[in-house]
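Undergrad: would you be able to build a 3D model of this:
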Amino acid sequence: MRQIILYPGEDDYWVVECPSLPGCISQGKTKEEAIANIKLAIREYIVALEEDKLPVPEERFETLLIAV
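TA: This is a model prediction of the structure:
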């Protein structure tokens, strides 16, 4: 399981990132499409690390919502 961050981009697309995998970013026209795209990006990112015999970073992020 990986945490993701989803936010609206400047081009009317949704941007989604996986902070525990640096540089693992995707997007989609809808939230659903963006989430499907990041799932694929995460799988491919991990496969590439494993093929290169590199360690797969552990999920280590926590998110909080605070009122300011």
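Undergrad: tell me which residues form a beta bridge with the nearest residue to Leu6 once chain neighbours are set aside?
TA: Nearest in space to Leu6, with sequence neighbours left out and distances taken as Cβ to Cβ, 6 or more residues apart in numbering, is Val16 at 4.8 Å. To be clear about C-beta, it is placed using only N, CA and C from the backbone, and glycine gets the same treatment. Judged by DSSP bridges, the bridge partners of Val16 are Leu6, Ser26.
Undergrad: local confidence estimate at Val16?
TA: Val16 is assigned a predicted lDDT (pLDDT) of 98.
Undergrad: so how far is Glu51 from it?
TA: 24 Å (Cβ to Cβ, to the nearest Å).
Undergrad: go on, Asp11?
TA: To Glu51, Asp11 is 32 Å away according to Cβ to Cβ.
Undergrad: this structure: helices as residue ranges?
TA: In the chain, the segments counted as helices under DSSP state H are 31-51.
Undergrad: name the nearest residue to the residue nearest the centre of the chain, ignoring sequence neighbours.
TA: Closest residue to the average C-alpha location of the chain: Cys18 at 2.6 Å, with Cα atoms, centre = their mean. Nearest non-adjacent residue to Cys18, counting by Cβ to Cβ, 6+ apart: Cys24, 4.2 Å away.
Undergrad: show the pLDDT at the one you found.
TA: 97.
Undergrad: just to check, it is in contact with Tyr45?
TA: Yes - using Cβ atoms under 8 Å, Cys24 is in contact with Tyr45, at 4.8 Å.
Undergrad: quickly list what's touching both of the two.
TA: Common neighbours of Cys24 and Tyr45 (criterion: Cβ atoms under 8 Å, 6 or more residues apart in numbering): Cys18.
Undergrad: isn't the residue nearest to the centre of the chain right up against Ala41?
TA: Yes - with contact defined as Cβ under 8 Å, Cys18 reaches Ala41; the gap is 7.4 Å.
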